[in-house]
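Trainee: sequence first, predicted coordinates after that:
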Amino acid sequence: MNTTTFEEEIKRSGRLVYTNVGDSMNPLIRQGRDVMVISAVNGRLKKYDVPLYKRDSGQYVLHRILKVRKDDYVICGDNRWCREFGISDRHIIGVLTSVIRDGKEVPVTDRKYKAYVHLWCDFFWVRAFILRSKHVIKKIVRRLKSA
């Protein structure tokens with residue numbers, strides 16, 4: 001069986017099609033169910049783009065750009081409240097161009113996709129509050145069950 005890295009596959013074919021592992025991009029991308037299409041990057045990315053990047057630790061991550069800065073990006077998963085700083089163009093391997101959900105391809109240019117992005121990202125503080133609250137409640141419930 002031939003195995004290639006994400007970088008090699010994008011360089012070879014211009015895109016990468018795969019199913020994600022993890023829940024950091026919920027509700028947009030459901031783990032093990034939805035298929036992502038990642039394409040090669042042409043130039044600097046923009047706010048709301050979803051890059052596939054490789055951290056210095058070697059971990060691959062797919063998260064959304066919340067802010068473009070001169071030398072880097074501020075990035076966060078749709079199902080996260082902690083922002084990541086210091087991700088630069090050298091880390092970026094590709095960018096999400098569409099999601100295949102239940103057999104139907106939804107491009108990032110789709111009107112409904114754009115509405116979701118704006119509602120979910122423009123009100124980041126609301127999302128952060130909701131996600132943090134859920135996290136705290138789950139933690140309390142776990143402690144009560146183990147007591």
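Mentor: Noted; the coordinates are in hand.
Trainee: how about the contacts made by Pro27?
Mentor: Applying CB atoms under 8 Å, 6 or more residues apart in numbering to Pro27 gives the contacts 78-79. C-betas here are computed from N, CA, C, even on glycine.
Trainee: now do 7 Å
Mentor: Contact analysis of Pro27 by CB atoms under 7 Å, 6 or more residues apart in numbering lists Asp78.
Trainee: how far away is it from Thr109?
Mentor: 19 Å (CB to CB, to the nearest Å).
Trainee: and Ile93, how many neighbours does it have?
Mentor: 21 (other CB atoms under 10 Å).
Trainee: paired strands for the host helix or strand of it, with orientation please.
Mentor: Under the criterion of DSSP states H and E, Ile93 resides in strand 92-101. Taking DSSP bridges as the criterion, strand 92-101 forms sheet pairs with strand 35-39 (antiparallel), strand 51-54 (antiparallel), strand 104-107 (antiparallel).
Trainee: scan the protein for its longest helix.
Mentor: helix 124-146 (DSSP state H).
Trainee: and the closest residue to Leu96 other than its chain neighbours, backbone torsions?
Mentor: Excluding the flanking residues, the one nearest Leu96 by CB to CB, 6 or more residues apart in numbering is Val50, at 3.8 Å. With angles defined as degrees, to the nearest 10, Val50 sits at phi -120, psi 90.
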